[in-house]
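Chemist: quick one, fold the following:
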Amino acid sequence: MEDKSKKIEDVESVVVSSTVLADLFGLTTRRIRMLADEGVIQKTSRGRYNLQENIKSYIVYLKASQDLKEKTADNEIDPDKERALLTRRQREKLDLEIAAMRGQMHLSSDVERVMNDMLANFRAKLIAMPTKVAPILIARTDISEIQEILQKEFFEVLQELSCYDPATFYSDKYIEVDEEDLEDGVSGEEENTEDTE
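Modeler: This is a model prediction of the structure:
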């Protein structure tokens, strides 16, 4: 009686039938043929497959399929979550617009405009100071008097930076709202809802 089991030294040369490959992969022979048609695994001849190469190819195919499933699952959009997120963002935008209208928050464009104007005026006054002060100081010889005149002029120039007026930061959409108006508006809304019921 011959021993049917042979010792294989080189796995690269092992060629198996579609039935053996199907048993190994846990598939049907029909599915093996479909994988071959799709180019996932390669035939060496009719109904014969290189074992090592096709195991590698099938593992790559399974990994790619799994990655695709995970990516698709991660990218699925929940309409309820998206709607809630949109509603929250719209509410945040409305709150910011109302805060800007009331002067509780300033738009960066308004801050930039005001600061540029303020710094340009400061620069202009600083540059003009020698021209303005030189004629006054030309006839003076008392150091303390010269210091006093210069100090007065410096303070006048620095005054440009110390004049903070919140109204200058208001955008064109600014509306003045009194607390009483807010309270009246709330009670008026309550009265209106009672009338409609």
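Chemist: going forward, measure contacts and count neighbours with C-alpha atoms only.
Modeler: Will do.
Chemist: next structured bit after the lengthiest helix in the chain?
Modeler: Scanning the chain for the longest helix, with DSSP state H as the assignment, gives helix 108-137. Note on helix 108-137: by DSSP states H and E, the next helix or strand toward the C-terminus is helix 143-162.
Chemist: list the buried residues for that next one?
Modeler: I146, L150, E153, V157, E160 (16 or more other CA atoms under 10 Å).
Chemist: taking helix 108-137 as reference, get the angle to that helix.
Modeler: Computed by axes from the mean of the first three to the mean of the last three CA atoms, to 10 degrees, the angle separating helix 143-162 from helix 108-137 equals 170 degrees.
Chemist: who touches helix 143-162?
Modeler: Residues from elsewhere that reach helix 143-162 (CA atoms under 8 Å, 6 or more residues apart in numbering): M118, L119, N121, F122, K125, L126, M129, V133, L137, R140.
Chemist: need the max-distance pair from the residues you listed.
Modeler: M118 and R140 (32.3 Å; CA to CA).
Chemist: what about the residue nearest to the spatial centre of the chain, distance to E82?
Modeler: Closest to where the C-alpha atoms of the chain average out (CA atoms, centre = their mean) is R89, at 13.1 Å. For R89, the distance to E82 equals 10 Å [CA to CA, to the nearest Å].
Chemist: which members of the contacts of helix 143-162 are classed as buried?
Modeler: M118, F122, K125, L126, M129, L137.
Chemist: okay, those residues in TSV with pLDDT and distance to E97 next?
Modeler: Shown next, in TSV, are these (pLDDT from 0 to 100; distance: CA to CA, whole Å):
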residue	pLDDT	distance to E97
M118	85	25
F122	86	31
K125	87	36
L126	88	37
M129	89	42
L137	87	53
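Chemist: picking that back up, give me the mean pLDDT for the host helix or strand of the residue nearest to the centre of the chain.
Modeler: Per DSSP H and E, R89 falls inside helix 79-101. Computed over helix 79-101, the mean pLDDT rounds to 86.
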